[in-house]
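A.B. asks: can you look at this prediction? I've put the sequence above it.
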Amino acid sequence: MASTHAQSQHDLICDMLTDGSLTNAEIATAARCSTHAVRRIRQRLNCFGATRAPPNGASRPRDITLSMFSPLCNRVIEKADMYLQASKSCRSVTVRQFKEVE
């Protein structure tokens, strides 16, 4: 779940944690958050070096890179009679169609 804390709260908690003189309860009171949030932010600082975790790769990895896509489209256009199904629209070209031909 996404964090509900403002960036200013993250900055304040980060500064207090790096100072090291305050307890979790004191930091939570000053930042107006829970002690659990302070513990999670401390853990993220140790793991990632930031108060927020890096984004996860939400999408499926590409089978074909963008640098390969343009030459493949050009090949389909050149050999339109050979790839009738794929030549209708270069955007509709899939990797599977090229793998079947090879």
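C.D. replies: Sure, I can see it. Numbering: from 1, shown residues only.

A.B. asks: where does this protein dip in pLDDT?
C.D. replies: 1-3, 61-62, 80-102 (pLDDT under 70).

A.B. asks: and it, what are its domains?
C.D. replies: As recorded under automatic domain parsing, the domains making up the chain are 7-48, 66-101.

A.B. asks: what number of residues lie near residue 74?
C.D. replies: The number of residues packed near residue 74 is 11, by other Cβ atoms under 10 Å. (Glycine included, C-beta is placed from N, CA and C.)

A.B. asks: can you tell me the helix or strand for it?
C.D. replies: Counting by DSSP states H and E, the element that carries residue 74 is helix 66-78.

A.B. asks: for that helix, buried residues please.
C.D. replies: Using 16 or more other Cβ atoms under 10 Å as the test for burial, helix 66-78 gives 72, 73, 76.

A.B. asks: send the alpha carbons of it over as CSV?
C.D. replies: Extracted in CSV, the C-alpha atoms of helix 66-78 (Å, rounded to 0.1, in the frame of the first residue of the first chain):
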residue,chain,number,x,y,z
LEU,A,66,12.5,-0.9,-28.8
SER,A,67,15.8,-1.0,-30.7
MET,A,68,14.8,-4.3,-32.3
PHE,A,69,11.2,-3.1,-33.1
SER,A,70,12.0,-0.6,-35.8
PRO,A,71,14.2,-2.9,-37.9
LEU,A,72,11.6,-5.6,-37.6
CYS,A,73,8.9,-3.2,-38.8
ASN,A,74,11.0,-2.2,-41.8
ARG,A,75,11.5,-5.8,-42.7
VAL,A,76,7.8,-6.5,-42.6
ILE,A,77,7.2,-3.5,-44.9
GLU,A,78,9.9,-4.7,-47.3
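
A.B. asks: helices or strands next to it in the packing?
C.D. replies: helix 84-87 (3 or more Cβ pairs under 8 Å, 6 or more residues apart in numbering; DSSP states H and E).

A.B. asks: what residues are up against residue 50?
C.D. replies: residue 44 (Cβ atoms under 8 Å, 6 or more residues apart in numbering).
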